[in-house]
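>>> sequence plus predicted model, see below.
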Amino acid sequence: LKEPQHTFAGSVLPLFPKGLAGLGAAMGLTFIALQGFEVIAGAAGEIKNPQINVPKAMYSAIGIALLIYLPFLFVTAAAGTPPGEHIADLCAYKPGTCIADAASSYMGPLGYFVVVLAAVFATLSALYANLLSSLILLKQMAADRTMPRIFGELGSRYRAPVYAVAANVIVVTTLLGLVTAVETAGSAASLIFLIAYSLGHWLSFVAQKRAPRSSSGSRRAVPVVQIVGGLACVALAVFQGINEPTSGLIVLAWLLVGMLLYVRYFSARAEAVDALSQALRPELVSYRGFTPLVLVPITNPESAPSLIGIGHALAAHGAGKVLVLKVVRRAGAVESIKEEIGKANEVLHASLEASMEVSTNPAEALLTISDNPWREIKRVAVDHGCHSLVLGMNRFDVSPLKNLLDNLDGEVALLCAPPGWHVESAKKILVPVGGKHYHDTLRARVLGAIAQGGLEEVCMASVLPTQTDAPTKRRVKKELSVRAQDEGVGVGSARVIESDDSISAIVAESENYDLLVIGLTRNHTGGLSFGNFVSTVAKDAKCACLIIGGGRK
């Protein structure tokens, strides 16, 4: 090394020849060189003791990368830069081969070959690691129904989404062909990483703020890392997008295309699967800051256990709250009203006892007096911001409910069940499906909540006319199978019933099941209403019937 002190100082000083703008650009692109630690997080589900091993692996990956990069860069700047030149000048003159050229100046042709070979191996290892991480991510996306089903199919040999991987490779190759500038491609990749890290910091911050307090009641630590890291990533992402407008436009277009595809093709099924996950894991509801309030009006103490069970199911078994309502009709003399209040207290007492048996977060009770109980139910639902309404109904007279349903914006569950029936007794469930997606999310949440008590079968069924052609039958059966896989909590099945009388077919089939779950129809205003099919099936069903509606659209 010739005059190392002079060469080193002249080669690297000033440290920021492009000022703060150059420093910001370098910081953004640094994420590509150190992205290995991000791949580790993607494989956390495949790692033993991830709480301990993932942080160790991340810090080790960053430390090893810095131990390799920093000494090599210092030596290159000191010995590989011609006298009188700055390392930035060499990089600007030969941006693609500056490091290899610098190595050849003090190691000869062997140095050039070693650097190129190291770059090739580093690139191949990064590709392998990213392929592994993308496989895990694609499998999770397939499970969450956020990609076309054909891409989510797992290969028989490796149990990996081979079609999704192939599509991923094709898209990446196409982008590389369209974006010929290495700087633009690198900046776009770095910008994507920064956006992902910003979202990661934000999600971590929200999760920590919404996490339940410990039993000791100790205060949570201030999420300094999430706040500082998130703001830094956002600032770098904004700067990167402005500094490299082409890469910013590429990433923006990519995000917009992804959002449009999700809303247009994947949102309905993805939201249903997500609702099922929330029902099976109620803590997810709390982490998302959602505390549903379910209103359960009760008139008959014998119906309290069944209605309370459905109410707690919709309230995510403790993540939300159940509000039991008893309305005393204002009619007759004061003494008769007082007598009705005494009976109402008995109803509320039985309801609260039933609530304590099925949930660790017991219901609250509300007693009101009104001239019109149905109008009072609507008022309470609106004033308290109730997300869902659970009602018992008379199989033979649905007229009192029609006006109430047409004016409600929240979710509705109407239960027709014999006295003493409990939701935990429902082991076999029949779900007639008509092809619409109005109530998929609510139905998935209901099925997931009921599954907490154990299920034997969830049958998705459609009735087709006897003259239906074979291709249509196969298509409907395939669609039912998809729903059964998404919402059947592991025991789903699909069945196509051939009959020219759909009502009689469903009624006859209900004799083999414990519970019939059926969706309400919608009127021209988007409100819920009883159609002839729902009314007749509810009246004639041979088992308990739960009629659901997903709210006004």
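Good, I have the coordinates. Numbering: from 1, shown residues only.
>>> which residues are in contact with the closest residue to Lys321 other than its chain neighbours?
Residue nearest to Lys321 in three dimensions, not counting chain neighbours: Leu293, with 5.2 Å by Cβ to Cβ, 6 or more residues apart in numbering. C-beta here means a position set from N, CA and C on the backbone, and glycine is covered the same way. Neighbour list for Leu293: Ala315, Gly320, Lys321, Val322, Leu323, His384, Gly385, Cys386, His387, Ser388 [criterion: Cβ atoms under 8 Å, 6 or more residues apart in numbering].
>>> assumed the fifth one was part of a strand.
Yes. When the secondary structure is assigned by DSSP: H, G, I helix; E, B strand; the rest coil, Leu323 falls within a strand.
>>> count of residues packed around it?
If you count neighbours by other Cβ atoms under 10 Å, Leu323 ends up with 20.
>>> domains for the chain, by residue range?
180-210+222-273, 281-392, 406-553 (automatic domain parsing).
>>> would you turn the ones you listed into a markdown table with mean pLDDT?
Output for those, formatted as a markdown table (pLDDT from 0 to 100):
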| stretch | mean pLDDT |
| --- | --- |
| domain 180-210+222-273 | 84 |
| domain 281-392 | 86 |
| domain 406-553 | 86 |
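>>> of those, which is nearest Pro109?
Pro109 lies closest to domain 180-210+222-273 among the domains of the chain, at 24.1 Å (Cβ to Cβ).
>>> what's downstream of the host helix or strand of Ser462, the next helix or strand?
Here Ser462 is covered by strand 457-464, with elements defined by DSSP states H and E. Sequence order places helix 470-487 as the next helix or strand after strand 457-464, per DSSP H and E.
>>> how about that next one as CSV, C-alpha atoms only?
Only the C-alpha atoms of helix 470-487 are listed here, as CSV (Å, rounded to 0.1, in the frame of the first residue of the first chain):
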residue,chain,number,x,y,z
ALA,A,470,-73.7,-31.1,-16.0
PRO,A,471,-71.2,-28.2,-16.5
THR,A,472,-73.3,-25.9,-14.3
LYS,A,473,-73.5,-28.6,-11.6
ARG,A,474,-69.7,-29.0,-11.6
ARG,A,475,-69.2,-25.2,-11.4
VAL,A,476,-71.6,-24.8,-8.5
LYS,A,477,-70.1,-27.8,-6.7
LYS,A,478,-66.7,-26.3,-7.1
GLU,A,479,-67.8,-22.9,-5.8
LEU,A,480,-69.5,-24.7,-2.8
SER,A,481,-66.2,-26.6,-2.1
VAL,A,482,-64.3,-23.3,-2.1
ARG,A,483,-66.8,-21.9,0.5
ALA,A,484,-66.6,-25.1,2.5
GLN,A,485,-62.9,-24.9,2.6
ASP,A,486,-62.8,-21.3,3.6
GLU,A,487,-65.6,-21.3,6.2
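>>> residues contacting stretch 392-407, please?
With Cβ under 8 Å, 6+ apart as the test, stretch 392-407 has contacts from 298-300, 303, 306-307, 374, 377-378, 391, 412, 414-417, 520, 523, 525, 527-530, 535, 538-539, 545, 547, 549.
>>> mind redoing it with 7 Å?
Outside stretch 392-407, the residues within contact range by Cβ atoms under 7 Å, 6 or more residues apart in numbering are 303, 307, 374, 377-378, 412, 414-416, 523, 527-530, 535, 538-539, 549.
>>> circling back: now the domains of the chain as a markdown table including distance to Pro17?
Below are those laid out as a markdown table (distance: least, Cβ to Cβ, whole Å):
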| stretch | distance to Pro17 |
| --- | --- |
| domain 180-210+222-273 | 16 |
| domain 281-392 | 46 |
| domain 406-553 | 56 |
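>>> among those, which is nearest Gln140?
Of those, nearest to Gln140 by Cβ to Cβ is domain 180-210+222-273, at 11.4 Å.
>>> starting at the chain centroid, how far to that closest one?
Offset of domain 180-210+222-273 from its chain centre (Cα atoms, centre = their mean, to the nearest Å): 17 Å.
>>> could you list every residue that touches Met147?
So Met147 contacts Met141, Ala164, Phe266 (Cβ under 7 Å, 6+ apart).
>>> the second one - that's part of a strand, no?
No. Secondary structure of Ala164, determined by three-state DSSP: helix, with no strand assignment.
>>> so what's it closest to, chain neighbours aside?
Once flanking residues are discounted, Ala164 sits nearest to Phe151: 3.9 Å by Cβ to Cβ, 6+ apart.
>>> with the last one instead?
Across the structure, with Cβ to Cβ, 6+ apart as the measure, the residue nearest Phe266 apart from its sequence neighbours is Thr146 (5.2 Å).
>>> surely Ala413 touches Ile548?
Yes. With contact defined as Cβ atoms under 7 Å, Ala413 counts as touching Ile548 (5.2 Å).
>>> if I look at the residue nearest to the spatial centre of the chain, how far off is Gly448?
The C-alpha lying nearest the average C-alpha coordinate of the chain belongs to Asp274 (Cα atoms, centre = their mean; 5.1 Å). Asp274 sits at a distance of 10 Å from Gly448 (criterion: Cβ to Cβ, to the nearest Å).
>>> same question, Tyr513
18 Å.
>>> same deal with Lys338?
Lys338 is 43 Å from Gly448, by Cβ to Cβ.
>>> so which of the two has more stuff around it?
Taking other Cβ under 10 Å, Lys338 and Gly448 do not tie; Gly448 has more neighbours (23 against 10).
>>> what helix or strand is that one on?
In the assignment (DSSP H and E), Gly448 maps to helix 440-450.
>>> export that helix as CSV, just CAs?
The C-alpha coordinates for helix 440-450 follow below in CSV (Å, rounded to 0.1, in the frame of the first residue of the first chain):
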residue,chain,number,x,y,z
ASP,A,440,-70.1,-14.2,3.9
THR,A,441,-68.2,-12.3,6.5
LEU,A,442,-70.9,-12.5,9.2
ARG,A,443,-71.6,-16.2,8.4
ALA,A,444,-67.9,-17.1,8.7
ARG,A,445,-67.7,-15.3,12.0
VAL,A,446,-70.7,-17.1,13.3
LEU,A,447,-69.5,-20.5,12.2
GLY,A,448,-66.0,-19.9,13.7
ALA,A,449,-67.6,-18.8,17.0
ILE,A,450,-69.9,-21.9,17.1
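>>> could you say what helices and strands it packs with?
Contacts defined by 3 or more Cβ pairs under 7 Å, 6 or more residues apart in numbering; DSSP states H and E place helix 440-450 against helix 267-280, helix 304-314, helix 470-487, strand 515-519, strand 544-549.
>>> relative to Thr30, which of these is closest?
Set against Thr30 and scored by Cβ to Cβ, the helices and strands packed on helix 440-450 come closest in helix 267-280, at 34.1 Å.
>>> now do the buried residues in the closest one.
Along helix 267-280, these residues count as buried under the neighbour rule (16 or more other Cβ atoms under 10 Å): Ser267, Arg269, Ala270, Ala272, Val273, Asp274, Ala275, Leu276, Ser277, Gln278, Ala279, Leu280.
>>> so how far is Ala143 from the second one?
I take that to be Arg269. Arg269 is 11 Å from Ala143, by Cβ to Cβ.
>>> output stretch 129-137 as PDB, nothing but the C-alphas.
In PDB, the C-alpha atoms belonging to stretch 129-137 read as follows (Å, rounded to 0.1, in the frame of the first residue of the first chain):
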ATOM      1  CA  ALA A 129     -33.000 -16.600   0.700                       C
ATOM      2  CA  ASN A 130     -35.600 -14.400  -1.000                       C
ATOM      3  CA  LEU A 131     -37.100 -17.400  -2.800                       C
ATOM      4  CA  LEU A 132     -37.500 -19.200   0.600                       C
ATOM      5  CA  SER A 133     -39.100 -16.100   2.100                       C
ATOM      6  CA  SER A 134     -41.400 -15.600  -0.800                       C
ATOM      7  CA  LEU A 135     -42.500 -19.200  -0.700                       C
ATOM      8  CA  ILE A 136     -43.600 -18.700   2.900                       C
ATOM      9  CA  LEU A 137     -45.300 -15.400   2.100                       C
END
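>>> just give the closest residue to Ser104, not the sequence neighbours.
Tyr112 (3.9 Å).
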